[in-house]
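Undergrad: Give me the fold of what follows.
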Amino acid sequence: MSCNRNSQQAHPPVGGVLSKNDLDVSKERMKNLNIIERKHMQDWINAQPVKFYPTQLNYWTNAENFDKRERRQDNTLISYSYELYDFDQTKIYDAPFERRDAKFGHFDELKAVENALRFIHDGEEVTLLVPSSLAYGTYGDEKKIDNDIPLIIKLKAL
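TA: Residues are numbered from 1 along each chain as shown. Next up, the predicted model:
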């Protein structure tokens with residue numbers, strides 16, 4: 001299994017500066033949270049009838065060898081939509097998030113979504129299992145997604 005536990009970066013709060021000790025504590029917290037979330041996600045995967053495969057960026061997908069495919073280049077266009085679910089498989093927002101003709105290298109998206117869009121085929125739909133560090137992290141989305149919540153993302157290239 002691919003696991004980038006040691007590559008997690010600790011970031012100071014917006015408008016603030018953390019000491020080295022505070023950054024170390026934050027980094028250790030994220031590392032421990034990632035371990036707990038990955039175990040929870042693996043237990044969830046083991047109970048599913050569909051297989052999921054790890055990716056190099058630390059999320060899972062239901063497409064085998066997904067991030068070994070040809071990678072879309074910067075400045076290419078893609079249209080896509082995705083829906084967010086928690087691990088109880090409850091849909092978080094009624095309407096999907098959708099973007100038309102987004103240009104790689106020039107849009108800001110969840111890390112796992114942007115990475116997956118590099119490898120998805122046109123018309124394909126994939127399910128991503130995403131730890132909180134690649135989703136909305138320690139702040140949530142300040143609407144319906146709390147802090148430190150891993151997500152199931154159903155992503156489709158339109």
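
Undergrad: burial measure for L110, as a count.
TA: If you count neighbours by other C-beta atoms under 10 Å, L110 ends up with 22. Glycine gets a C-beta too; all of them are placed from N, C-alpha and C.

Undergrad: could you point out the longest helix in the protein?
TA: Longest helix of the chain, by residue count under DSSP state H: helix 20-46.

Undergrad: Which secondary structure elements does that helix sit against?
TA: strand 125-130 (3 or more C-beta pairs under 8 Å, 6 or more residues apart in numbering; DSSP states H and E).

Undergrad: G105: neighbouring residues, count only.
TA: By the measure other C-beta under 10 Å, the count of residues near G105 is 9.

Undergrad: same question, S19
TA: S19 has 9 neighbours, counted by other C-beta under 10 Å.

Undergrad: do the same with I145
TA: Around I145 there are 19 residues (other C-beta under 10 Å).

Undergrad: Is it in contact with A135, as I believe?
TA: Yes: I145 lies in contact with A135 (C-beta atoms under 8 Å); the separation is 7.5 Å.

Undergrad: who touches both of those two?
TA: Counting by C-beta atoms under 8 Å, 6 or more residues apart in numbering, the shared contacts of I145 and A135 are L151.

Undergrad: for the next helix or strand after the longest helix of the chain, packing partners?
TA: Counting by DSSP states H and E, the next helix or strand C-terminal to helix 20-46 is strand 53-54. Taking 3+ C-beta pairs under 8 Å, 6+ apart as contact, the helices and strands that strand 53-54 lies on are strand 60-61.
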